[in-house]
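Enquirer: Attaching a predicted model along with its sequence, questions to come.
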Amino acid sequence: MTSSHLHQRPGSLGALSTRHTGLPFRLGGGLLLLAVGAGCPSPDPQGKYDRFNEQTAPERERPEPKLDMGIAVDSYPDITGVYLVALETVAAPGLPLQFIGEVTAEVDMITGDGTIEVEFQPLSLDQGSSTEPREEVGEPIVIDSDVTAGSFTLTFGMTNVTGAANPLTGADILADIELQGSIRGMDGWCGQVVGEVISPIALNLEGSTFASMRLADRDERPLEFPINCEQVVVDEEGTSGGEDPTGGMGTTGS
């Protein structure tokens, strides 16, 4: 069950750790029976099959490695912390809405099940800019969600965002959206934006994306940051810096 609410936050105002694993090999019942049926007859084929099932039950009952955007993981990290969250809409490529996302998460490291709560604090942006001035502005928005196998849906419902955080027109935004995301590692989570903008213009958000980047502290403002899951890359060491396959970042400051 998800919920959302608004509250005031006083005051001022990070990429990942995922181990790669192959999919487990399982000997199917049909293959075993074929092996039993070949060569010398067995005095008790059913008994052997039953004993095989009994002996391999723990392996067959072990949870499958979870796949996230083609990445197999066998443990989920703690993503509690502070992030820069960029929401790239189809209406304004290169001018993402930005938030400080303060995450509180309780997720089982094996199953990837649990809960997540994110406080989204809008950041101010001059029209046409993706980096200035990025000061905390307006009401924070708090959303919580269940997490299943590392995936979650943050449902905002009908939400107002102050015009000071709108780098396209500077007008207040009224939108009905949800973020369908997944954990990429301890330093990033990302996914798709689903829903529509009601005003200042009516717009279906199909094709819009979001991505996050862990921050060292709440005041950090990186000039380059990912805007979609393709730019949150897992390397062989299980780390991520928001880099895309070409070595560039999702958005460069303007």
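Expert: Good, I have the coordinates. Numbering: from 1, shown residues only.
Enquirer: Pull up the distance across stretch 105-112, start to finish.
Expert: Across stretch 105-112, the terminal residues are separated by 11 Å (CA to CA, to the nearest Å).
Enquirer: cool, stretch 105-122 as well?
Expert: So stretch 105-122: terminal residues 20 Å apart, CA to CA.
Enquirer: residues of it that come out buried?
Expert: Of the residues in stretch 105-122, 105, 107, 112, 114, 116, 117, 118, 119, 120, 121, 122 count as buried by neighbour count, 16 or more other CB atoms under 10 Å. (Glycine included, C-beta is placed from N, CA and C.)
Enquirer: Check whether the third one sits in a helix, strand or coil.
Expert: If I follow you right, that is residue 112. Taken by DSSP: H, G, I helix; E, B strand; the rest coil, the conformation at residue 112 corresponds to coil.
Enquirer: let's have the chain start at 876 instead
Expert: Okay, residue one is now 876; in that scheme the one you just asked about reads as residue 987.
Enquirer: Against residue 967, how distant is it?
Expert: 33 Å (CB to CB, to the nearest Å).
Enquirer: From the buried residues of stretch 980-997, which land in strands?
Expert: Among those, the members falling in strands (DSSP state E) are 980, 982, 989, 991, 992, 993, 994, 995, 996, 997.
Enquirer: and the residue nearest to the second one when sequence neighbours are not counted, what pLDDT?
Expert: For residue 982, ignoring the flanking residues on the chain, the nearest one in space by CB to CB, 6 or more residues apart in numbering is residue 989 at 3.7 Å. In the predicted model, residue 989 carries a pLDDT score of 98.
Enquirer: now, among the buried residues of stretch 980-997, which is nearest to residue 1068?
Expert: Checking the buried residues of stretch 980-997 against residue 1068 by CB to CB gives residue 995 as the nearest, at 12.7 Å.
Enquirer: That closest one contacts residue 1013, doesn't it?
Expert: No: here residue 995 does not reach residue 1013: they are 10.2 Å apart, not a contact under CB atoms under 8 Å.
Enquirer: Between the two, which contacts overlap?
Expert: Counting by CB atoms under 8 Å, 6 or more residues apart in numbering, residue 995 and residue 1013 have no shared contacts at all.
Enquirer: Would you map the helices across the stretch 1026-1129 of the chain?
Expert: Secondary structure of the stretch 1026-1129 of the chain (DSSP state H, counting those that start in this stretch): no helices located.
Enquirer: And stretch 1047-1058, what's buried?
Expert: Counting neighbours by 16+ other CB under 10 Å, the buried set in stretch 1047-1058 is 1048, 1050, 1052, 1053, 1054, 1056, 1057, 1058.
Enquirer: Filter the residues you listed down to just the ones in strands.
Expert: Using DSSP E, the subset of those located in strands is 1048, 1050, 1052, 1053, 1054, 1056, 1057, 1058.
Enquirer: Rebuild those as JSON lines, extending it with distance to residue 1007.
Expert: Shown next, in JSON lines, are these (distance: CB to CB, whole Å):
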{"residue": "1048", "distance to residue 1007": "19"}
{"residue": "1050", "distance to residue 1007": "23"}
{"residue": "1052", "distance to residue 1007": "25"}
{"residue": "1053", "distance to residue 1007": "29"}
{"residue": "1054", "distance to residue 1007": "25"}
{"residue": "1056", "distance to residue 1007": "27"}
{"residue": "1057", "distance to residue 1007": "31"}
{"residue": "1058", "distance to residue 1007": "30"}
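Enquirer: Looking at those, which one is closest to residue 1086?
Expert: Within those, proximity to residue 1086 (CB to CB) peaks at residue 1056, which comes in at 9.0 Å.
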